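> From the sequence below, what's the structure:
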Amino acid sequence: MPAAPNVDELYTDHHKWLHTWLRRRLGCTHRAADLAHDTWLRLLAREEPVAIQEPRAFLTTIAQRLLSNHWRREYLEQAYLEALALRPEALAPSPEERQVILATLIEIDALLSTLPGEVRRAFLLSQLDGLNQAQIAAELGVSVTTVKRYLTRAGTLCYFALDAG
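Predicted coordinates for the structure are as follows:
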């Protein structure tokens, strides 16, 4: 069995390919360079060396996860900017405040993405749409008891995330 390639070898042999792969998906060489860089950082940050049988498949997996996070952040930012456009300019936050708010939204999204879909949906229906438990139960087609369990799970996650921060 051949020895696993080290990161230097992987970079030398596959960096150009990875950048091209990302550029095709993003349509932007600069964003592709950023995500390629992040891919290598993820690889360097690994605590344990990994035996890589198929380097390009391995790099693609890491890059796809980063790309998914990139699209999610971009979607959140666009939605936030659209919401800001609806506010009177006098109430618009400063650029610094906007960055803090956007970073917080991204953190919240990452936290909520760890929840199962139905739990996350119940929580968002409660917090964003203001639905009560009976309305959420009807919307999701589950019992009120199940909704209570969902909201408790989501609330607990948020509480302990705040406590840890």
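> what about whichever strand or helix holds Asp34, average pLDDT?
Element membership for Asp34, per DSSP states H and E: helix 29-45. For helix 29-45, the mean pLDDT works out to 92.
> For the remainder of this discussion, apply numbering that starts at 13.
Okay, residue one is now 13; in that scheme the one you just asked about reads as helix 41-57.
> immediately after that helix, which helix or strand?
helix 67-97.
> how many other residues sit next to Ile148?
Applying the criterion other Cβ atoms under 10 Å, we find 23 residues in the vicinity of Ile148. (Each C-beta comes from the backbone N, C-alpha and C, glycine too.)
> wait, it sits on Leu136?
No. Using Cβ atoms under 8 Å, Ile148 is not in contact with Leu136; the gap is 9.7 Å.
> Got phi/psi on Asn144?
phi -80, psi 180 (degrees, to the nearest 10).
> Once you drop chain neighbours, what's closest to it?
Ser138 (7.9 Å; Cβ to Cβ, 6 or more residues apart in numbering).
> how close does the one you found sit to Leu47?
35 Å (Cβ to Cβ, to the nearest Å).
> Do you know the pLDDT at the residue nearest to Asn144?
For Ser138, the predicted pLDDT is 94.
> Check Glu108 too.
93.
> what about it, how many residues close to it?
With other Cβ under 10 Å as criterion, Glu108 counts 8.
> Just list the residues touching it, thanks.
Not one residue lies near Glu108 by Cβ atoms under 8 Å, 6 or more residues apart in numbering.
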